[in-house]
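# Sharing a sequence plus its predicted fold:
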Amino acid sequence: MSAIRYRYLILHLAVLAGVLLIAGLSQSWGLSLGAYLVVLTIWHSRHLLTLHKWLEDTRSEPPAAWGLTREGGLWRGIFEQLFRQQKRNQKLQDKLRRVLNEYRNATESFPEPVVTLDEENNIVWMNAAACHNLGLRKLDDSGQPLGNILRRPDFVEWLEQGGVRPMDMESPRDDNIKLNVRLFTLSDRRKLLLFRDVTELRNVEAVRRDFVANVSHELRTPLTVLIGYLESLADDDDPQLRVITDRMHEQTRSMRNLIDDLIEISRLQSQTAEGRVSEVNIKAMLAQLREQTDSLNDKQHKISFSCEDSINLKGVENDLESAFSNLITNAIRYTPKGGFIQVSWSRCEDGAVFSVSDNGIGIPHEDIPRLTERFYRVAKDRARASGGSGLGLSIVKHVLNAHDAHLEIISELGSGSEFRCIFPEHRLVTATSADSSQRRSA
């Protein structure tokens with residue numbers, strides 16, 4: 001191409017030199033230069049018209065070009081370069097079309113509904129399962145907002161917020177069918193929704209949850225009776241009997257703590273937060289927790305509370321109080337007498353953080369990832385002696401998940417621990433008045 005441009009420049013300079021020579025000999029400068037410009041304009045205009053016509057169908061061979069050489073000059077080179085570029089683009093389009101067809105064929109065979117959305121949540125494509133299970137229609141619903149078709153407020157709100165976490169919803173075809181929805185970002189302009197039938201799984205979870213709750217409630221009554229008799233026997237002056245009753249009372253107390261935690265986690269799993277969410281005054285909650293802590297601690301540790309009282313939370317107060325109380329109680333249980341515990345509520349980079357730190361015995365690194373598992377204990381003997389059930393951090397994790405928050409654990413064995421509950425910005429509420437700070441959720 002560079003050789004063609006070089007020859008084109010040389011030829012036109014030679015032609016221009018000839019025109020100037022003729023003009024000089026004939027003394028007709030205006031006429032000679034005007035004729036040259038007219039011919040040059042006609043030549044370029046003819047090729048531009050040819051190019052415009054050829055661009056309507058670039059699949060055909062490039063058109064012929066007029067030139068002073070057999071190669072056709074500069075315009076022939078332009079036609080050929082455009083033709084080669086078009087061939088490359090066509091190969092790329094064919095490849096992308098094959099990939100798209102393979103993707104659609106693969107997702108078309110999925111037994112679960114799959115829907116592709118654009119950046120405005122309009123339907124771009126759906127598979128056959130989406131039509132069958134969600135009631136969508138390919139011809140009528142393509143290009144329509146999905147929220148206008150699946151008219152469920154919780155789903156529409158979840159979709160508008162970006163679908164950060166998977167959500168459960170009832171099938172539009174049958175409210176007895178539970179669907180789990182996940183949102184995947186394919187690109188800046190495309191999103192993919194995957195619906196999975198989790199009806200059987202949720203039914204099994206409900207049966208297990210009801211079983212645990214029922215058994216826990218049935219055990220609580222005889223255990224309360226047993227504790228009452230043990231407390232009456234504790235006043236006996238017989239030393240041998242006192243040792244026995246104290247040991248029995250210790251075991252029944254641990255069992256009662258376990259049952260209470262089982263009932264609490266069953267309650268958290270079975271109920272929904274809808275209708276119970278309100279502005280929670282964290283300062284008032286911490287004041288109440290401080291009173292409970294002083295009673296539990298009995299001056300064995302130095303406990304400090306600090307609170308940024310301008311920040312409240314949007315959530316369920318009873319659940320948050322249960323989670324915070326569990327963290328403080330754990331710190332008291334696993335910090336030796338005379339130790340220091342710091343409880344704080346403050347703003348952080350990601351939103352706000354509720355933190356409980358201590359200078360207690362600490363946690364081995366290998367145990368930290370499993371701390372929120374149910375019934376997991378770092379040291380069984382230590383947990384049993386302190387009355388721990390192994391469910392406290394599971395309750396904390398469940399409450400935080402329901403509030404779009406997460407738990408961070410920082411600990412060194414022998415150097416204490418810090419538990420940080422980090423709440424996102426959209427959960428925070430600015431306290432505006434003394435009246436609002438006294439509001440408590442029902």
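Happy to help now that I have it.
# Leu136 in helix, strand or coil?
Three-state assignment for Leu136 (DSSP: H, G, I helix; E, B strand; the rest coil): coil.
# hang on, it packs against Val115?
Yes - in this structure, Leu136 is within contact of Val115 by CB atoms under 8 Å, at 7.3 Å. All C-beta spots, glycine's among them, are computed from the backbone N, C-alpha and C.
# joint contacts of those two?
123, 126, 130 (CB atoms under 8 Å, 6 or more residues apart in numbering).
# Isn't the second one up against Val115?
Pointing back at Met126 there. Yes - assessed by CB under 8 Å, Met126 is found in contact with Val115 at 4.8 Å.
# Name the nearest residue to the residue most central in space within the chain, sequence neighbours excluded.
In the chain, the centroid-proximal residue (CA atoms, centre = their mean) is Val164; its distance is 2.8 Å. Once flanking residues are discounted, Val164 sits nearest to Asp404: 7.5 Å by CB to CB, 6 or more residues apart in numbering.
# still on that earlier bit, show the backbone phi and psi for the residue nearest to the centre of the chain.
Backbone torsions of Val164, given as degrees, to the nearest 10, read phi -60, psi -40.
# Likewise for Val181?
Torsion angles at Val181 (phi, psi; degrees, to the nearest 10) stand at phi -110, psi 130.
# per-residue confidence for it?
Val181 is assigned 93 on the pLDDT scale.
# about what we covered before: anything in contact with each of Met126 and Val115?
Common neighbours of Met126 and Val115 (CB under 8 Å, 6+ apart) are 134, 136.
# Give me the average confidence score over stretch 254-264.
Stretch 254-264 comes out at a mean pLDDT of 79.
# same question but for stretch 338-353, I mixed them up
Rounded mean pLDDT across stretch 338-353 is 91.
# just stretch 87-99 next, same as before
On average, stretch 87-99 scores 83.
# Check the offset of it from the chain's centre.
Remark: stretch 87-99 is offset 34 Å from the chain centroid, using CA atoms, centre = their mean, to the nearest Å.
# Please apply the same query to stretch 93-105.
29 Å.
# Residues contacting that stretch, please?
125, 127.
# let's see it at 7 Å
Under the criterion CB atoms under 7 Å, 6 or more residues apart in numbering, residues Trp125 lie in contact with stretch 93-105.
# Could you list the buried residues of it?
Within stretch 93-105, no residue counts as buried by 16 or more other CB atoms under 10 Å.
# Please save the CA atoms from it in CSV.
Taking C-alpha atoms only, stretch 93-105 is exported to CSV below (Å, rounded to 0.1, in the frame of the first residue of the first chain):
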residue,chain,number,x,y,z
GLN,A,93,-19.0,-12.1,13.0
ASP,A,94,-19.4,-15.7,11.9
LYS,A,95,-17.3,-16.9,14.8
LEU,A,96,-19.3,-14.8,17.3
ARG,A,97,-22.5,-16.0,15.8
ARG,A,98,-21.4,-19.7,16.2
VAL,A,99,-20.4,-19.0,19.9
LEU,A,100,-23.8,-17.3,20.5
ASN,A,101,-25.7,-20.2,18.9
GLU,A,102,-23.7,-22.7,21.0
TYR,A,103,-24.4,-20.7,24.2
ARG,A,104,-28.1,-20.6,23.4
ASN,A,105,-28.3,-24.2,22.5
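# can you map out the helices along the protein?
Secondary structure of the chain (DSSP state H): helices located at 2-26, 29-55, 73-108, 128-134, 138-141, 146-149, 153-160, 199-233, 239-270, 282-297, 317-333, 380-386, 392-402, 434-437.
# comparing these, which gets the lowest mean pLDDT score?
Minimum mean pLDDT among the helices of the chain: helix 434-437, a mean of 42.
# check contacts around Leu391.
Per CB under 7 Å, 6+ apart, neighbours of Leu391: 261-262, 265, 374-375.
# Setting the sequence-adjacent residues aside, check what's closest to it.
Nearest to Leu391 is Asp261, by CB to CB, 6+ apart, at 3.9 Å.
# And for the one you found, the neighbour number?
The burial count assigned to Asp261 is 22, neighbours taken as other CB atoms under 10 Å.
# just Ile265 next, same as before
Counted with other CB under 10 Å, Ile265 comes out at 23.
# Might one say that Arg202 is in contact with Ile177?
No - using CB atoms under 7 Å, Arg202 is not in contact with Ile177; the gap is 10.0 Å.
# out of the helices of the chain, which comes closest to Arg370?
helix 392-402 (9.7 Å; CB to CB).
# And that closest one, what does it pack against?
Applying 3 or more CB pairs under 7 Å, 6 or more residues apart in numbering; DSSP states H and E, one finds that helix 392-402 contacts helix 239-270, helix 317-333, strand 406-412.
# According to the record, where do the domains of this structure fall?
According to automatic domain parsing, the chain comprises the domains 2-102, 110-197, 277-437.
# Burial-wise, tell me which of the ones you listed comes out on top.
domain 277-437 (a mean of 17; mean count of other CB atoms under 10 Å).
# Tell me how far Asn401 lies from Ala323.
11 Å (CB to CB, to the nearest Å).
# let me fix that: Arg76
Taking CB to CB, one finds Arg76 at 77 Å from Ala323.
# Mind listing what's buried along stretch 241-260?
Of the residues in stretch 241-260, those buried (16+ other CB under 10 Å) are 245, 248-249, 252, 254-259.
# can you list the residues you listed in a markdown table and add distance to Leu92?
Output for the buried residues of stretch 241-260, formatted as a markdown table (distance: CB to CB, whole Å):
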| residue | distance to Leu92 |
| --- | --- |
| Thr245 | 84 |
| Met248 | 79 |
| His249 | 79 |
| Thr252 | 75 |
| Ser254 | 69 |
| Met255 | 70 |
| Arg256 | 70 |
| Asn257 | 66 |
| Leu258 | 64 |
| Ile259 | 66 |
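# Which member of the residues you listed is positioned nearest Asn297?
Using CB to CB, the buried residues of stretch 241-260 come closest to Asn297 at Asn257, 16.8 Å.
# ok, so what distance separates the closest one from Arg290?
For Asn257, the distance to Arg290 - CB to CB - is 21 Å.
# Now for Glu418: which residues touch it?
355, 357, 410.
# quick one: which of the residues you listed is nearest to Gln85?
Among those, and counting by CB to CB, the member closest to Gln85 is Ile410, at 57.6 Å.
# which residue sits closest to Leu371 in space, ignoring its chain neighbours?
Leu393 is the one closest to Leu371 (CB to CB, 6+ apart), at 5.2 Å.
# same deal with Gly135?
Here the residue nearest Gly135, using CB to CB, 6+ apart, is Pro172, at 5.1 Å.
# and if you look at Val356?
Nearest-residue entry for Val356: Leu327, 4.4 Å, with adjacent residues in sequence omitted and distances by CB to CB, 6+ apart.
# and if you look at Ile363?
Nearest to Ile363 is Ser411, by CB to CB, 6+ apart, at 4.1 Å.
# Check Lys283 too.
Asp309 (4.2 Å).
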